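Peer 1: Let me see the structure of the following:
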Amino acid sequence: MAILVTGAAGFIGMHVATALLARGEQVVGIDNLNDYYDPRLKQARLARLQTEPGFTFVAMDFADRAAVARLPEKFPDLDQILHLGAQAGVRFSIEQPFTYAESNLFGQLTMMELARSLKQGRHGCKSFVYASSSSVYGANRTLPYSIDQQTDQPVSFYGATKKAAEIMAQSYAHLYQIPSTGLRFFTVYGPWGRPDMSPWLFTSAIIEGRPIKVFNNGQMKRDFTYIDDIVSGTLAALDRPPTAAQSAPHKVYNLGNHEPVNLLDYIAVIERACQKKALLEMQPMQAGDVLETYADITDSCRDLDFQPSTSIEEGIPQFVDWYKSYFDV
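Peer 2: Below is the predicted model of the structure:
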């Protein structure tokens, strides 16, 4: 049997695929290696995966309906899907909304159709897990964010596409009884992270002596979640697909550290790891941003045995060490 991982050359995708291979799984990874950020980083992640036995890579866009439809014929042992690929980035979604519609809406539909095809095939579809985001909570001010709260007031188009993906999955789970799990990731960071995320942006600025833009004058909090904890929760979701509850085998979980950190305290941790002070440039709040993210992980602890254990005091130095090694600084 084999597991399909979309976004395999992405940050979370690479780490999850590596963990699957380490436990002896056969993994088919797909990625279009687009230029949202430097493709050389994606190629470097991919190169690591391609040294592992059991990994097969297909360069393709998961929103390519015809190409995705051919996967079951090419890989007849596929019986699980980890749909981690997406067009990421809150702020970029305001500038390029059609890119997000193509990837996060049409791409979600294409992968759900693949799950439906597998469900009707010889091996079935044992589990369909897809990446959602804490951005679905939008303007919600009730903390911590619980999966029981309404999420119909997005403040970014990215958040809107992720909420739409959850609703789409609910419909397919109901119509075709596909065991489906959505994972709302909360500010994931760690080695091999994305260049548009704050650990990378802040670390590079501090090392190079450039100022850091601090939005809302630093009066923000984030539930920073280390990549190893995210990988653990993601594999648990894959291994523990929901059974039919009422009419649809579909569940949504928060995967966060359950410990929001003040932005200025977070910057101080990066300063210590870099052994250099940051130059702070205070800025107003940006469109599409939220003041605080904070995950209620009651359900994921109960159902997935999710136990995040990495504090930023442990995780940030690991990212900074990786960054210095990757750039030889």
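Peer 1: where does Leu280 land in three-state SS?
Peer 2: With DSSP: H, G, I helix; E, B strand; the rest coil as the basis, Leu280 sits in strand.
Peer 1: and it, what does it touch?
Peer 2: Leu280 makes contact with 211-212, 214, 218, 267, according to C-beta atoms under 8 Å, 6 or more residues apart in numbering. (Glycine included, C-beta is placed from N, CA and C.)
Peer 1: And Phe215, by the same measure?
Peer 2: 263, 283-286, 289.
Peer 1: Could you rerun that using 6 Å?
Peer 2: The contact partners of Phe215, by C-beta atoms under 6 Å, 6 or more residues apart in numbering, come to 283, 285-286.
Peer 1: hang on, the earlier thing: which of the contacts of Leu280 lies closest to Asp79?
Peer 2: Lowest distance from Asp79 to the contacts of Leu280 (C-beta to C-beta) belongs to Ile267, with 44.6 Å.
Peer 1: What about the residue nearest to that closest one when sequence neighbours are not counted, how many residues nearby?
Peer 2: For Ile267, ignoring the flanking residues on the chain, the nearest one in space by C-beta to C-beta, 6 or more residues apart in numbering is Ala278 at 5.7 Å. For Ala278, the neighbour count with other C-beta atoms under 10 Å is 20.
Peer 1: Wait, Ala278 touches Arg272, no?
Peer 2: No. Between Ala278 and Arg272 there is no contact under C-beta atoms under 6 Å: 10.7 Å.
Peer 1: show me where pLDDT drops low in the stretch 101-250 of the chain?
Peer 2: 245-246 (pLDDT under 70).
Peer 1: which stretches of it form strands?
Peer 2: 127-133, 180-185, 188-189, 211-215, 221-222, 225-226, 250-255 (DSSP state E, counting those that start in this stretch).
Peer 1: Make CSV from the ones you listed and add distance to Ala205 to it.
Peer 2: Formatted as CSV, the strands of the stretch 101-250 of the chain follow (distance: least, C-beta to C-beta, whole Å):
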stretch, distance to Ala205
strand 127-133, 25
strand 180-185, 24
strand 188-189, 16
strand 211-215, 5
strand 221-222, 17
strand 225-226, 21
strand 250-255, 28
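Peer 1: circling back to that earlier point, make JSON lines from the contacts of Leu280 and add neighbour count to it.
Peer 2: Output for the contacts of Leu280, formatted as JSON lines (neighbours: other C-beta atoms under 10 Å):
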{"residue": "Pro211", "neighbour count": "12"}
{"residue": "Ile212", "neighbour count": "20"}
{"residue": "Val214", "neighbour count": "18"}
{"residue": "Gly218", "neighbour count": "15"}
{"residue": "Ile267", "neighbour count": "20"}
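Peer 1: returning to what we had before: closest to Asp77 out of the contacts of Phe215?
Peer 2: Gln286 (45.4 Å).
Peer 1: any idea what sits nearest the closest one, other than its immediate chain neighbours?
Peer 2: Here the residue nearest Gln286, using C-beta to C-beta, 6+ apart, is Phe215, at 5.3 Å.
Peer 1: With Val90 as the reference, measure out to that neighbour.
Peer 2: Separation of Phe215 from Val90 (C-beta to C-beta, to the nearest Å): 12 Å.
Peer 1: from the chain's centre, how far out does stretch 267-275 sit?
Peer 2: On the basis of C-alpha atoms, centre = their mean, to the nearest Å, stretch 267-275 sits 25 Å off its chain's mean C-alpha point.
Peer 1: Please read the previous query as pertaining to stretch 189-206.
Peer 2: 15 Å.
Peer 1: Only C-alpha atoms, please: export it in PDB.
Peer 2: Extracted in PDB, the C-alpha atoms of stretch 189-206 (Å, rounded to 0.1, in the frame of the first residue of the first chain):
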ATOM      1  CA  TYR A 189       8.000  26.700  12.300                       C
ATOM      2  CA  GLY A 190      11.300  24.700  12.400                       C
ATOM      3  CA  PRO A 191      14.200  23.700  10.200                       C
ATOM      4  CA  TRP A 192      13.500  23.800   6.400                       C
ATOM      5  CA  GLY A 193      10.700  26.400   7.100                       C
ATOM      6  CA  ARG A 194       9.300  28.900   4.600                       C
ATOM      7  CA  PRO A 195      11.100  32.200   3.700                       C
ATOM      8  CA  ASP A 196       7.900  34.200   4.100                       C
ATOM      9  CA  MET A 197       7.400  33.100   7.700                       C
ATOM     10  CA  SER A 198       8.600  35.200  10.700                       C
ATOM     11  CA  PRO A 199      11.300  32.800  11.900                       C
ATOM     12  CA  TRP A 200      13.100  33.100   8.600                       C
ATOM     13  CA  LEU A 201      12.400  36.800   8.100                       C
ATOM     14  CA  PHE A 202      13.500  37.800  11.600                       C
ATOM     15  CA  THR A 203      16.500  35.500  11.600                       C
ATOM     16  CA  SER A 204      17.800  36.800   8.300                       C
ATOM     17  CA  ALA A 205      17.200  40.400   9.200                       C
ATOM     18  CA  ILE A 206      19.000  40.100  12.600                       C
END
